[in-house]
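> what would the 3D arrangement of this be:
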Amino acid sequence: MADLSSPHTFDQFESLAHELLQVEMQRMERGDLSRAAVGILRNRLDAHVMPFFRDIRPSEVDVAVMEAFVERLTEAGFSTTTMSQYLVVVRKLLRLAVRHKLLREVPEMPKVRVVHRPRAMLTLADYVAVVRAAHRLVRQRTQAPQVKQQGRVRERFWVAPRHLTLPPDMAWAIRFMVNSFIRPGDLRHLKHKHVQVCRGEHLYLRLTLPETKRHDATMVTLRPAVQVYEAALEQARAQGLGGPDDYVFLPGERDRVYALAVLGFWFKWVMREAGVATQDTWGRPRTLYCLRHTAIMFRLLYGQGIDMLTLARNARTSVQMIERFYASALDGEMNVAMLQSRRAIR
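Below you'll find the predicted structure:
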């Protein structure tokens with residue numbers, strides 16, 4: 001076993017990477033970092049950081065080495081956002097090198113201009129079309145075609161046979177996400193104990209979901225989500241489920257990673273059946289995540305007088321994220337009626 005007390009031991013990226021993972025694991029145990037974030041760090045170390053830096057001593061790293069690393073990432077076809085995230089990992093390793101006096105300071109990092117691309121979304125017509133297509137596939141009990149989109153037959157179809165016929169869960173999930181702002185990861189973990197139906201001046205669901213991305217605020221849905229939830233609950237109770245610890249969507253699937261994958265597969269199938277492209281005009285893929293983007297965009301487009309702070313807090317994000325990834329996709333024609341409106345003359 002290597003002697004970690006020796007300064008020569010730390011003049012290896014293997015040792016620095018091991019130390020960095022230990023530090024981040026401790027942050028995770030304190031609740032400062034999610035398990036998923038640690039997993040992403042480990043994946044980035046294994047995928048490109050260590051293959052490039054393994055035979056380079058940290059004490060030898062300079063601007064030229066960093067530029068060569070960025071060139072490797074560029075050749076791999078990464079976006080500038082992904083490249084900047086890799087540079088964050090390398091910067092953490094080099095800070096440890098400075099701490100161990102292997103470097104006097106962290107070398108200057110190459111400039112990578114991050115271009116923030118708005119998320120893909122559905123138009124109102126697209127949304128109506130996919131919901132109708134999902135309901136139609138349920139009524140017709142149509143089986144999913146066991147072919148890839150390019151037309152090649154799969155040798156082994158990964159979706160279990162019981163999920164080749166669409167249940168109501170898909171239409172429910174689409175409507176629920178667009179009327180609740182939740183992420184697909186939240187949908188996967190949503191249990192009945194996280195949902196409270198609120199009836200009063202307004203009808204809505206109060207969602208008290210586990211913390212995601214350092215946000216733990218209660219979320220409030222729009223009225224249509226109530227009808228979706230009550231329909232899902234009625235079906236679950238008919239199946240002997242619907243208890244506080246049972247899942248709302250695909251409650252019979254205990255493997256929740258698989259459950260979310262099935263919902264993603266169904267969503268692409270439904271879009272194709274609805275005649276909705278699985279990519280938008282700019283080539284951005286429409287996945288389940290685009291339903292969250294659609295929910296936020298619909299409020300920006302059709303909500304009356306909603307302010308960004310209220311929307312951001314309810315969607316468990318920040319005003320900066322709303323402006324960067326959502327509001328940046330708005331153009332004048334989307335709200336031409338508002339632009340052409342006039343104040344009432346008193």
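
> show me the contact partners of whichever strand or helix holds residue 236.
Using DSSP states H and E, residue 236 falls within helix 224-238. Residues from elsewhere that reach helix 224-238 (Cβ atoms under 8 Å, 6 or more residues apart in numbering): 168-169, 172, 175-176, 179-180, 192, 195, 197, 203-205, 242, 246, 248-249, 251. Using the backbone N, CA and C atoms, a C-beta is placed for each residue, glycine as well.

> pLDDT averaged over it - what is it?
The pLDDT scores in helix 224-238 average 96.

> buried stuff in the helix or strand just after that helix?
Sequence-wise, the next helix or strand downstream of helix 224-238 (DSSP H and E) is helix 256-274. Neighbour-count burial for helix 256-274, with 16 or more other Cβ atoms under 10 Å as criterion, is recorded at 256, 258-263, 265-271, 273-274.

> low-confidence ranges in this protein?
1-10, 114-118, 146-157, 211-216, 326-346 (pLDDT under 70).

> that one - how does it break down into domains?
7-99, 124-339 (automatic domain parsing).

> next, format those domains as a markdown table and append distance to residue 112.
Formatted as a markdown table, the domains of the chain follow (distance: least, Cβ to Cβ, whole Å):
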| stretch | distance to residue 112 |
| --- | --- |
| domain 7-99 | 5 |
| domain 124-339 | 17 |
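
> mind checking which of those domains is nearest residue 106?
Distance to residue 106, taken as Cβ to Cβ, is lowest for domain 7-99 among the domains of the chain, at 4.6 Å.

> number of residues surrounding residue 143?
11 (other Cβ atoms under 10 Å).

> an error on my part: the question was meant for residue 179.
With other Cβ under 10 Å as criterion, residue 179 counts 22.

> surely it is in contact with residue 222?
Yes: judged on Cβ atoms under 8 Å, residue 179 makes contact with residue 222 at a distance of 4.2 Å.

> and residue 163, how many residues sit next to it?
19.

> ok, now residue 103?
Neighbours of residue 103 using other Cβ under 10 Å come to 19.

> so it, which state does it fall into?
coil (DSSP: H, G, I helix; E, B strand; the rest coil).

> if I look at the closest residue to it other than its chain neighbours, how far off is residue 61?
Among residues not flanking residue 103 along the chain, residue 97 sits closest, at 4.8 Å (Cβ to Cβ, 6 or more residues apart in numbering). Distance of residue 97 to residue 61, computed by Cβ to Cβ, to the nearest Å: 7 Å.

> the stretch 1-150 of the chain: strands as residue ranges?
For the stretch 1-150 of the chain, applying DSSP state E, counting those that start in this stretch gives no strands.

> and the helices in it, which stretches?
Applying DSSP state H, counting those that start in this stretch to the stretch 1-150 of the chain gives helices spanning 7-10, 13-30, 35-44, 50-53, 63-75, 80-99, 124-140.

> what angle separates the fifth one from helix 80-99?
Which is helix 63-75. Computed with axes from the mean of the first three to the mean of the last three Cα atoms, to 10 degrees, the direction of helix 63-75 lies at 150 degrees from that of helix 80-99.

> could you do the last one as well?
Relative orientation of helix 124-140 with respect to helix 80-99: 100 degrees, computed using the same axes, to 10 degrees.

> so what touches helix 124-140?
With Cβ under 8 Å, 6+ apart, helix 124-140 has contacts from 122, 166-168, 170-171, 174-175, 178, 266-267, 269-271, 273-276, 294, 298.

> give me the angle between it and helix 256-274.
Using the same axes, to 10 degrees: helix 124-140 against helix 256-274 is 100 degrees.

> please apply the same query to the second one.
Following the same axes, to 10 degrees, one obtains 90 degrees for the angle between helix 13-30 and helix 256-274.

> which helix or which strand is home to residue 206?
Per DSSP H and E: strand 203-207 holds residue 206.

> from the contact counts, what lies against whichever helix or strand comes after that strand?
The helix or strand immediately downstream of strand 203-207 is strand 219-220, counting by DSSP H and E. Secondary-structure packing of strand 219-220 (3 or more Cβ pairs under 8 Å, 6 or more residues apart in numbering; DSSP states H and E): strand 203-207.

> who does the strand it packs on pair up with?
strand 195-199 (antiparallel), strand 219-220 (antiparallel) (DSSP bridges).

> of those strands, which stretch is the most buried?
strand 219-220 (a mean of 18; mean count of other Cβ atoms under 10 Å).

> show residues contacting it.
Contacts of strand 219-220 (Cβ under 8 Å, 6+ apart): 180, 181, 182, 204, 205, 206, 207, 209, 314, 315, 316.

> repeat that for stretch 283-302.
Here stretch 283-302 makes contact (Cβ under 8 Å, 6+ apart) with 117-122, 124, 127, 173-174, 177-184, 187, 260, 263-264, 267, 271, 276-280, 306, 311, 315, 322, 325-327, 329-330, 334-335.

> thanks a lot, see you next time.
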